[in-house]
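A.B. asks: What follows is a predicted protein model with its sequence.
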Amino acid sequence: VTEDGKMHYLTGGKGQNWEGGIRVPTFAYWANKISKKVYSHPVSLMDFYPTMLKLAGHDGVQDRIIDGKDLSKILFSESIENEDRIHTFLYHWCGNILHAVRHGDYKLHYITPIWDSDGEHCDTLVICQCYGRRVQYHEKPLLFNMRLDPGEKSPIDTESEEYGVIFSIINNARLEHEK
C-alpha cells in the first residue's frame, strides 16, 4: 500500500468490484483476546455484523439469510489452517445488482464499469454507476485467476476448458444465491 492508500498493481478503485476497490488490508486488535496471525483469504465488511452479534452474545439473525459470516474462528483461534476459507463464494454487489462473484482463486465479472479515457475512474464520479450506459454487461463474463493475476489484467480464455468448468461452478452458485 502506498502513501496515497492505493495498491497500484490492482485494477480499479473505490466503489468498484475490481480488486482495487475491494481489497483492503484489515487489522484487528483486542489485547489478550485476538490471536496474532495473518489470514490470507478474502473476508467482507458484511462479516463484521454476524461477528459483532456473536461477541455481544446474540444468536444471530434467524429470520433471513445474510451473506456475512462469523469471523470469530479466525480472530480468536490460536491457529487456523490457512487453507480454511470462511467464504466458499463471495458475492460482489453494486446496489442490488450482482457484478462479480469470487470463488477460491477465481473471480467472475458479469458487469464492469466503463472508465473515462484518462484512467480507472468513471465519468468523473467518485463511485461508478451500477447499471446503465456507464457499465459493460459481459455476454461471456470475465474470469480471472486471482492467485496468478491479482491485478485482473488477463482474463482466462472463454473457450478454454478451465473457463467452462469454473464458470459453471460460479454461475450455478449465483443462480442458487439469487433465489
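C.D. replies: Here it is on my side, so go on. Numbering: from 1, shown residues only.

A.B. asks: show me where the protein has strands.
C.D. replies: With DSSP state E as the criterion, the chain has strands at 90-94, 97-103, 106-113, 135-145.

A.B. asks: neighbours around Glu161, how many?
C.D. replies: Residues contacting Glu161 under the criterion other CB atoms under 10 Å number 8. The way it works is simple: take the backbone N, C-alpha and C, and place the C-beta from them, glycine included.

A.B. asks: looking at the strands of the chain, which is buried most?
C.D. replies: Across those, averaging neighbours per residue (mean count of other CB atoms under 10 Å) puts strand 106-113 on top, at a mean of 22.

A.B. asks: Can you give the contact residues for that strand?
C.D. replies: Outside of strand 106-113, the residues within contact range by CB atoms under 8 Å, 6 or more residues apart in numbering are 12, 16-19, 94, 97-101, 122, 128-131, 134-138, 141-146, 152, 166-167, 170-171.

A.B. asks: cutoff 6 Å now
C.D. replies: Applying CB atoms under 6 Å, 6 or more residues apart in numbering, the external contacts of strand 106-113 come out as 16, 99-101, 122, 128, 135-137, 141-146, 166, 170.

A.B. asks: Sheet-wise, list the partners of that strand with their directions.
C.D. replies: Strands flanking strand 106-113 in the sheet, each with its direction: strand 97-103 (antiparallel), strand 135-145 (antiparallel) (DSSP bridges).

A.B. asks: quick one: average confidence on that strand?
C.D. replies: Per-residue confidence for strand 106-113 averages out to 94 on the pLDDT scale.

A.B. asks: Repeat that for stretch 27-41.
C.D. replies: The predicted model gives stretch 27-41 an average pLDDT of 84.

A.B. asks: Can you measure across it, start residue to end residue?
C.D. replies: 14 Å (CA to CA, to the nearest Å).

A.B. asks: what distance separates that stretch from the middle of the whole chain?
C.D. replies: 20 Å (CA atoms, centre = their mean, to the nearest Å).

A.B. asks: Okay, buried residues for it please.
C.D. replies: Of the residues in stretch 27-41, those buried under the neighbour-count criterion (16 or more other CB atoms under 10 Å) are Tyr39.

A.B. asks: next one: stretch 141-157
C.D. replies: Of all the residues in stretch 141-157, those buried under the rule 16+ other CB under 10 Å are Pro141, Leu142, Leu143, Phe144, Asn145, Met146, Asp149, Pro150, Gly151, Glu152, Pro155, Ile156.
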